[in-house]
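Give the three-dimensional model of this entry:
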Amino acid sequence: MKANLKEKLILIVEDEQDIRNGLQELLESEGYSVSVAENGAEALDTLKNFEVLPCLILLDIMMPIKDGFAFKFEQDQDPRIKNIPVAIMTADTLIDIKRIQMNANACIRKPIDIDALLLTVKEQVI
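Coordinates of the predicted model:
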């Protein structure tokens, strides 16, 4: 099954380098293709340049330059990328409310539980 996952691209939008790198390494070890961005502005620029869009965006909420809320608002305005599923990532205790406010598909609580993350990714990646 892992051989087919290489065709599944996930975009990680996370400002903390250690978390970004750790998630990238984990998902690549599980067979996914991964692209990364440090903030929402970089993620939007990255998405504009993709020929094949990612099947999932893992989105941190609190980031400099363009946070997760601003990214998600712009994503929802762009017909080309608005249907890409988004899983928000945050340590905020109101994570479920934030997921609803942002119209995100899923949420991942920080600190990240690896098993919960992988389950969420598998549920969202079609």
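
As a check, name the ranges of all helices in the protein.
Along the chain, counting by DSSP state H, helices occupy 2-5, 17-29, 40-49, 68-77, 95-102, 114-124.

and the third one with helix 68-77, angle?
Okay, so that is helix 40-49. Here helix 40-49 runs at 30 degrees with respect to helix 68-77, directions being taken by axes from the mean of the first three to the mean of the last three CA atoms, to 10 degrees.

before we move on, what about the longest one?
With the same axes, to 10 degrees as the criterion, the two stretches helix 17-29 and helix 68-77 enclose an angle of 50 degrees.

The fifth one too?
With the same axes, to 10 degrees as the basis, helix 95-102 and helix 68-77 are set at 40 degrees to each other.

Show me what counts as buried in helix 95-102.
The neighbour-count check on helix 95-102 (16 or more other CB atoms under 10 Å) flags I95, K98, R99, M102 as buried. Glycine gets a C-beta too; all of them are placed from N, C-alpha and C.

Would you mind putting those into TSV with pLDDT and distance to V52 alongside?
Output for the buried residues of helix 95-102, formatted as TSV (pLDDT from 0 to 100; distance: CB to CB, whole Å):
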residue	pLDDT	distance to V52
I95	83	30
K98	89	29
R99	91	26
M102	90	24
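
Would you format the residues you listed as a markdown table with distance to S35 included?
A markdown table is the format used below for the buried residues of helix 95-102 (distance: CB to CB, whole Å):
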| residue | distance to S35 |
| --- | --- |
| I95 | 24 |
| K98 | 24 |
| R99 | 23 |
| M102 | 21 |
